[in-house]
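K.L.:
Dropping a prediction and its sequence here:
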Amino acid sequence: MSTRPRTPGPATPAPGKLPLPELAQMKSRGDKIVMITAYDAPAARLADEAGVELILVGDTAAMVMLGHESTVPVTLDEMIFLTRAVTRAARRPLVVGDLPFGTYEVSDDQAVSSAIRLVKEGGADVVKLEGARRMVSRVRAIAESNIGVMGHVGLTPQSATKLGGFKAQGRSADAALRLYEDALALQEAGCFAVVLEAVPAEVAARVTEALDVPTIGIGAGVACDGQVLVWHDMLGLYQGRTPRFVKRYAEVASVIGEAVSSYAADVRSGAFPEERHTYSIPEDELALFEQALAEARVR
C-alpha cells in the first residue's frame, strides 16, 4: 500500500508555470511526463518551446559542460550559476536544481541550507538529490521547509564507485526489493517524483505501479511515468562514453565541427568577412577623417 505524498513547493508559482500537482495528475491520467537536462538559457528556451514539463539542471554539467570525468567535482556555486541561467529562459517548465555531491550528505541542516540556496539564488522551482536510506531524513527536512524534492534511486552517479561503477542496479531479487522499498520511503518522506536510473524495466514497472507520485525513467523502461535524457547525449554533443540507454536524436557535434572548420578556412583565405558583413562610413565623413589623420601626422 503506497502512502499519499505531500506536495510541498513554492506557494505562489510564477504565472504560466506548470503547477507541481499537475505531475501527479498526469500520472493518474496516464499522460507521459517529459524531462530533459539543460544548463544554459538557449537550451532552456528551446526545451520550453518544445513543451517539456521538467528541465533538470543536472550535476551532469560537471562532465558535459565543465570537462570533469565524473559528476563529483561540480560545486553548489557552479550549480546555482547554471540554474540561474536556465530559469531566465524557462517559462512553463518546472526547473529542477540538482544538489551536487557534498552539499546534503552531512546533515539535514546542510541539505536544507543547500536547497534554499538553489531556490533563492538559482531560481530553481524544486530540487533533486540522490539516494535513499539515510537520505530519507534529508528529503523530509527539505520538504518540511516548503521546497519540493525529487528523489533518485537505482544508479546514482555521485556514489557510482560505491555501487561498483556505472552499471544497472536492482538486478537481483534482494537488490530489487531494496530499491522498491527505497522508492516508497522517499515518497513517504515527501518526494513529489522519483527518478529511476539504470533499473530493470520489470522492477521499474512494479515501483511505478506502487507509487502515487510519478517515476521518471532513464534506462528504466517504458512503464515509467516519464523519461529524462541529458541534452548533450540526446543531441550527440558529448564526446565521452554514452550509456546504452541513450537515444541520439541528432549528431550536432559533427554539424558544429564542420561549421567551425568552414569558418576557419574562410578566415584564412580572406573569403570572410564579405562586404555584406561590414559597415560603411559616408564618403564626406571618410574624407574628413583622412584629412584629420594627415594633419595629425604633420604635427
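P.N.:
Received it, and whenever you're ready, just let me know what you need.
K.L.:
ok but Met35 is inside a helix, no?
P.N.:
No - Met35: not assigned to a helix; according to DSSP: H, G, I helix; E, B strand; the rest coil it is strand.
K.L.:
begin at 42 from here
P.N.:
With the count now opening at 42, the last piece we talked about shows up as Met76.
K.L.:
Quick check, it in contact with Val98.
P.N.:
No - Met76 is beyond contact range of Val98, at 11.3 Å (criterion: Cβ atoms under 8 Å). Every C-beta, even on glycine, is put in place using the N, C-alpha and C of the backbone.
K.L.:
These two: which is more packed in?
P.N.:
Ranked by neighbour count (other Cβ atoms under 10 Å), Met76 and Val98 place Val98 first, with 32 against 26.
K.L.:
Is Ala264 in a helix, a strand, or coil?
P.N.:
coil.
K.L.:
Tally up the residues packed near it, please.
P.N.:
Using other Cβ under 10 Å, Ala264 has 17 other residues around it.
K.L.:
And for Gly211?
P.N.:
When neighbours are defined as other Cβ under 10 Å, Gly211 has 26 of them.
K.L.:
That one is in contact with Val244, isn't it?
P.N.:
Yes - between Gly211 and Val244 there is a contact under Cβ under 8 Å: 4.7 Å.
K.L.:
intersection of neighbour lists for the two?
P.N.:
Listed as contacting both Gly211 and Val244 by Cβ atoms under 8 Å, 6 or more residues apart in numbering are Ala217, Leu220.
K.L.:
Number of residues surrounding the closest residue in space to Ala239 that isn't next to it in sequence?
P.N.:
Residue nearest to Ala239 in three dimensions, not counting chain neighbours: Leu196, with 3.7 Å by Cβ to Cβ, 6 or more residues apart in numbering. When neighbours are counted by other Cβ under 10 Å, Leu196 registers 25.
K.L.:
ditto for Met67
P.N.:
17.
K.L.:
From Ile257, how far out is it?
P.N.:
11 Å (Cβ to Cβ, to the nearest Å).
K.L.:
tell me, what's touching these two both at once?
P.N.:
What both Met67 and Ile257 touch, as defined by Cβ under 8 Å, 6+ apart, is the set Ile74, Asp266, Gly267.
K.L.:
Which stretches in the chain count as helices?
P.N.:
62-70, 82-91, 102-105, 117-130, 149-161, 176-184, 214-230, 242-251, 272-275, 293-310, 324-339 (DSSP state H).
K.L.:
What helices and strands are in contact with the fourth one?
P.N.:
Helices and strands in packing contact with helix 117-130 are listed as helix 82-91, strand 95-98, helix 102-105, strand 135-139, helix 149-161; criterion 3 or more Cβ pairs under 8 Å, 6 or more residues apart in numbering; DSSP states H and E.
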